[in-house]
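Colleague: Everything below, folded, please.
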Amino acid sequence: MTERTTERTLATKLSSLARRAIANTLLTCVSVFVGYVAMEFAVFRVMLPLAPLDIHSPLPAAADVLTQTSKSDYLPHDFIAILGDSYAEGYGDWLQQAGGKLKGPFHSGHIIHQQTRRDVVSFGIGGAGSAEAMVLRPAEIYPTSTCSIFPAIEQPRQMVVYFYEGNDIEDNLKFVGKVDKRYGGTDSQAIDRYLDEQYAGWEFLRCHGQFAETTFKEAEFLSQYYITGHYVPYCGTPVPSKNHIVVGDRTIETPSLQGAAPHLSDERIRLGMDVFARSLAWLRKRFEGVPITMVYVPSPISIYRHAEENISFCSFFGAGLAPKILSERHHDAMRDMVAGISANQRVGFVDATPALREAARTSVIHGPVDWDHLNQSGYEILGALVAARLQVKPQESPKEPLEDRSRTTSLGSSPRSTTLFAHDSRTPAPSASEDHQTR
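Modeller: Got it, this is the predicted structure:
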């Protein structure tokens, strides 16, 4: 009896200890969660409007929208959204010279804001391809389920998408690699599935993971900035070969520059364009009725006149020398593909090449430090071009149901794009070589 009593007493004590441990664990978890949520609200709802942010402050997509200075109030109203990569975000020497995103105008969005007198917000993010620019970033700003740590942002009145010739195709090919790894294929159905399931889906943890992600990125940046040294990599820095561009009566040496994918085959370019087409179709369906304007931004190599027959190009997939004529043909083909896909999906199209080339005849519109992006002169020209287009009363995007996205292919949309280097005789825009010869 004594042993049984002892066993019961021991079992009772262990059970009591277990219940107490479980209760304490649950209480701790609840306390941590409540404290975490309270910190989210304190940072993103209270401190964010007053925070002094510098050039590299990492913020979630919605928070980034709220802190921009090309709008009248904290919450944008009746606004124009700019989508794209670092060109849409405003990277370049103008931003570096301004000393931070809150210290002055620094990119095309500010020019559009000044000339249209409307709120302008950039959804752009450096390193984005078409899928990230037109699907992932908008999905983060407009989640399918409510993310209450941020105030609701109204839908944009108009959208402008920058397609950057210099690396968007490469970024799209990286995305294709993700699709192939997950689904074992790269056809239109697989791309659409990845966009819908992986990029457009919004989960509870994704909402509340943004504070932890922001904290980690800020700590990483501060460590680099104050301890290890912050280094901004430029595309042409590690490439030994140089370019010689003709500006006015001067010949200027530049680093290796980004170009119209002179190192990629026509098949790879077509595959990258298919991602562009699928992403644009998703964007149109998600923001039905919102007018969209596609802006084709040429690469530095395609803008300047060159003193030599070979150009030095840089990219993430390769670098070196390539014939100038090859770069010109790729520029013409890629521009025509983007124009054709846009027309097929009833999206307005603006080619920024003529305006930027005209300016580059007499002045340098990139660098002199960051040759990957436009400088102040370049962004002012780009912004004025887009502002002039937007001030023409836009026609609302058609509200009838879109075609099945699986049939909205990138190369079937334009007769000029069915063969990469075979250009239709009815093409209205001059080729790169013809345009340079006339100058």
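Colleague: Touching the helix or strand containing residue 160 from outside, list them.
Modeller: Assessed by DSSP states H and E, residue 160 sits inside strand 158-164. Strand 158-164 is contacted from outside by 80-85, 87-88, 112, 124, 130, 133-134, 276, 280, 283, 287, 290-297, 299, 338, 386, 390, 394, using C-beta atoms under 8 Å, 6 or more residues apart in numbering. The way it works is simple: take the backbone N, C-alpha and C, and place the C-beta from them, glycine included.
Colleague: how far out from the middle of the chain is that strand?
Modeller: Centre-to-centre, strand 158-164 and its host chain are 9 Å apart (C-alpha atoms, centre = their mean, to the nearest Å).
Colleague: who does that strand pair up with?
Modeller: Taking DSSP bridges as the criterion, strand 158-164 forms sheet pairs with strand 80-83 (parallel), strand 292-297 (parallel).
Colleague: Beyond that strand, next helix or strand please.
Modeller: Using DSSP H and E, the next helix or strand after strand 158-164 towards the C-terminus is helix 168-183.
Colleague: tilt between that next one and strand 158-164?
Modeller: Orientation of helix 168-183 against strand 158-164 (axes from the mean of the first three to the mean of the last three C-alpha atoms, to 10 degrees) gives an angle of 100 degrees.
Colleague: Report the buried residues of helix 168-183.
Modeller: 168, 169, 170, 171, 172, 173, 174, 175, 176, 179, 183 (16 or more other C-beta atoms under 10 Å).
Colleague: and which of those residues is nearest residue 12?
Modeller: Using C-beta to C-beta, residue 183 is the member of the buried residues of helix 168-183 that lies nearest residue 12, at 55.1 Å.
Colleague: For whichever strand or helix holds residue 140, name the packing helices and strands.
Modeller: According to DSSP H and E, residue 140 maps onto helix 137-141. With contacts taken as 3 or more C-beta pairs under 8 Å, 6 or more residues apart in numbering; DSSP states H and E, helix 137-141 sits against helix 61-66, helix 266-286.
Colleague: Give me the residues contacting it.
Modeller: For helix 137-141, the surrounding residues in contact (C-beta under 8 Å, 6+ apart) are 60-62, 65, 83, 123-125, 128, 153, 199-202, 283, 286-287.
Colleague: Now with 6 Å, please.
Modeller: Helix 137-141 is contacted by residues 61, 62, 123, 125, 199, 200 when judged by C-beta atoms under 6 Å, 6 or more residues apart in numbering.
Colleague: How about the spatially most central residue of the chain, nearest residue that isn't a chain neighbour?
Modeller: When C-alpha atoms, centre = their mean is applied to the chain, the residue found nearest the centroid is residue 85 (2.7 Å). Closest residue to residue 85 apart from its sequence neighbours, by C-beta to C-beta, 6 or more residues apart in numbering: residue 128 at 4.4 Å.
Colleague: Any idea how many residues pack against that neighbour?
Modeller: The number of residues packed near residue 128 is 27, by other C-beta atoms under 10 Å.
Colleague: State the distance from residue 378 to residue 278.
Modeller: Here residue 378 is placed at a distance of 30 Å from residue 278 (C-beta to C-beta, to the nearest Å).
Colleague: next one: residue 233
Modeller: For residue 233, the distance to residue 278 - C-beta to C-beta - is 30 Å.
Colleague: Residue 84 too?
Modeller: In this view, residue 84 and residue 278 are 17 Å apart by C-beta to C-beta.
Colleague: of those two, who's got more company?
Modeller: A direct count of neighbours by other C-beta under 10 Å for residue 84 and residue 278 places residue 278 higher, at 30 against 27.
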